[in-house]
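> please find the sequence and the predicted model below.
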There are 2 protein chains.
Amino acid sequence: MSHTSASASTSRETQKARTRCALLDAGLRLLEDKSLSSLGLREVTRVVGMAPAAFYRHFRDMSDLGVALVDESLGSLHAVVREILEGPRDDVERIDRTVGAIARYVREHPTHVRFVARERHGGVPAVRAAIGRELDRFADEVSQVLATDEVSAGWSAEDVRMLGELYVDHVVMTASAFLDAALGEGPDEETVARTARRQLLLISTGRRHWADAASGAAGT
Amino acid sequence: MSHTSASASTSRETQKARTRCALLDAGLRLLEDKSLSSLGLREVTRVVGMAPAAFYRHFRDMSDLGVALVDESLGSLHAVVREILEGPRDDVERIDRTVGAIARYVREHPTHVRFVARERHGGVPAVRAAIGRELDRFADEVSQVLATDEVSAGWSAEDVRMLGELYVDHVVMTASAFLDAALGEGPDEETVARTARRQLLLISTGRRHWADAASGAAGT
DNA sequence: TCATTCAGTAAACAGGTGTTCGCGGGGCGG
DNA sequence: CCGCCCCGCGAACACCTGTTTACTGAATGA
């Protein structure tokens, strides 16, 4: 129970952080073509080059390492989302920015994206839950900004939220499509981008004319 | 090379089919809380109650069993899709039928749905590819029917296809949401249904006013 | 009736797995 | 300076894995 100074004692703690990071990196690399539930503890330590028992100094479980990877993958993304949403509110420009940002993020962090896409419905409950929570937070952030758009005047909170979820889900699908494109499976990157832009444009169009439809089916 | 009679020789072949089906059922049951890449051969045969070696009489691999499960899960669904699309073309009624059909299918075949959602981006390439092919076929079928709607007059084939993909992706997301609801995670079934209906209604609204937007951003 | 086919068996193989234990040695606080 | 802390090590534990082998015996076709 030492450590009254909040800052790290350079050598000791940072070194622990380094090997912890090495474990995360090794895990992420191995997860490129496996799923978390089939990733072995020894497999990870072998890549890092350390004894299996040392793993327990950093993580209790494999699923523990999994939720750490979720934080690493999705945590840094909130800033990006804010940045996109805070720019000009013009429809097509915002769409261009969004799709561009997704493409860039997938290009720069393919392994993180693949991990999230794979474990979103994967076999490890704790990780699945962690991803779900994070995506919910994204939906909250998006909805919150959407509500301030002029187009959303008169919208119920529930409708704004359902639109936000639609956007978030679409982003996930698009990211996954970009990933497939990068691997040579499915259509190429430019095709994916164009499809995504048009789909978002169609949603925006529906949004602008929402009042017409919503009044007709209010109770549903 | 016998077997000039095309029909089964009752006892022999049907018995083989029975145990094959037992293997598939056992696999599906175990896959409720595991992913395919972590499902063991012995694990499956143990549930069925037979020797591990007998597995090879029916499947080469675990991934082989996986693609068989894909066919079983998605094959029977094409008829349902046709049925939904061939009904009255009125927007909200078609939407109600769609969401109702998804809810019912998830309620009646939860394990199949979970399997597909999990392995769509899972760690077994062959299974991933099989699911991708099947979803592409669904997108084809949907697009083909959408093209005949009066609303689609003047639409390019590419735009119709992108709308079809949007619908298929949305169905997958909705099915997954229903699944979570059935497990007590996330919102309850009625909430999921209402959100899905409104999202589809929003897409339909955008579809009706597509001409306005598409002309403005034709080159994108 | 006799020979053939073939789904399923039992046993053994060489590996890999998670987890526990005691121990060493270097950073660190006093 | 000494003594505690604690990360990483190596070895051992019991267990589970996929795959191969030679085999049994019932259904089959001539």
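Yep, it's here.
> only C-alpha atoms from now on, for both contacts and neighbour counts.
Noted.
> return the helix or strand in chain A with minimum mean pLDDT.
When each helix and strand of chain A is scored by mean pLDDT, DSSP states H and E, helix A:210-216 comes last, with a mean of 83.
> and chain A, what are its domains?
Domains of chain A are assigned by automatic domain parsing as A:11-60, A:72-208.
> residues of the least confident helix or strand of chain A that come out buried?
Within helix A:210-216, the residues that count as buried by 16 or more other C-alpha atoms under 10 Å in any protein chain shown are A:210-211, A:213-214.
> repeat that for stretch A:157-169.
Here stretch A:157-169 shows A:159-169 as buried, counting by 16+ other C-alpha under 10 Å.
> look up phi and psi at residue A:60.
Note on residue A:60: its backbone torsions stand at phi -80, psi -40 [degrees, to the nearest 10].
> neighbours of it, how many?
Residue A:60 is flanked by 10 other residues according to other C-alpha atoms under 10 Å in any protein chain shown.
> residue A:68 versus that one, what's the distance?
Counting by C-alpha to C-alpha, to the nearest Å, the separation of residue A:60 from residue A:68 is 11 Å.
> following element in sequence after the longest helix that chain A contains, please.
The residue-count maximum for a helix in chain A (DSSP state H) belongs to helix A:157-182. Toward the C-terminus, helix A:157-182 is succeeded by helix A:189-208 as the next helix or strand (DSSP states H and E).
> which residues sit against that next one?
Identification of contacts with helix A:189-208 by C-alpha atoms under 8 Å, 6 or more residues apart in numbering or on different chains yields A:91-92, A:95-96, A:99-100, A:103, A:151, A:174, A:177-178, A:181-182, B:159, B:162-163, B:166, B:202-207, B:209-210, B:213, B:220.
> cool, and stretch A:65-72?
Against stretch A:65-72 from outside (C-alpha under 8 Å, 6+ apart): A:24, A:28, A:36, A:59, A:112, A:116, A:126-127, A:130-131.
> got a PyMOL select line for the buried ones in the residues you listed?
In PyMOL syntax, the buried subset of these is picked out as below (16+ other C-alpha under 10 Å):
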select buried, chain A and resi 24+28+36+112+116+127+130+131
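> name the nearest of the contacts of stretch A:65-72 relative to chain B.
Chain B lies nearest to residue A:36 out of the contacts of stretch A:65-72, by C-alpha to the nearest C-alpha, at 8.8 Å.
> which ones are touching the closest one?
Residues near residue A:36 by C-alpha under 8 Å, 6+ apart: A:62-63, A:66, A:119, A:122-124.
> which one of those sits closest to residue B:19?
Checking the contacts of residue A:36 against residue B:19 with C-alpha to C-alpha, the nearest one is residue A:123 at 26.2 Å.
> secondary structure class for that closest one?
Taken by DSSP: H, G, I helix; E, B strand; the rest coil, the conformation at residue A:123 corresponds to coil.
> so who does residue A:117 touch?
Residue A:117 neighbours (C-alpha under 8 Å, 6+ apart): A:172, A:176, B:121.
> swap the cut-off to 10 Å and go again
With contact set as C-alpha atoms under 10 Å, 6 or more residues apart in numbering or on different chains, residue A:117 has these partners: A:111, A:131, A:172-173, A:175-176, A:179, B:118, B:120-122.
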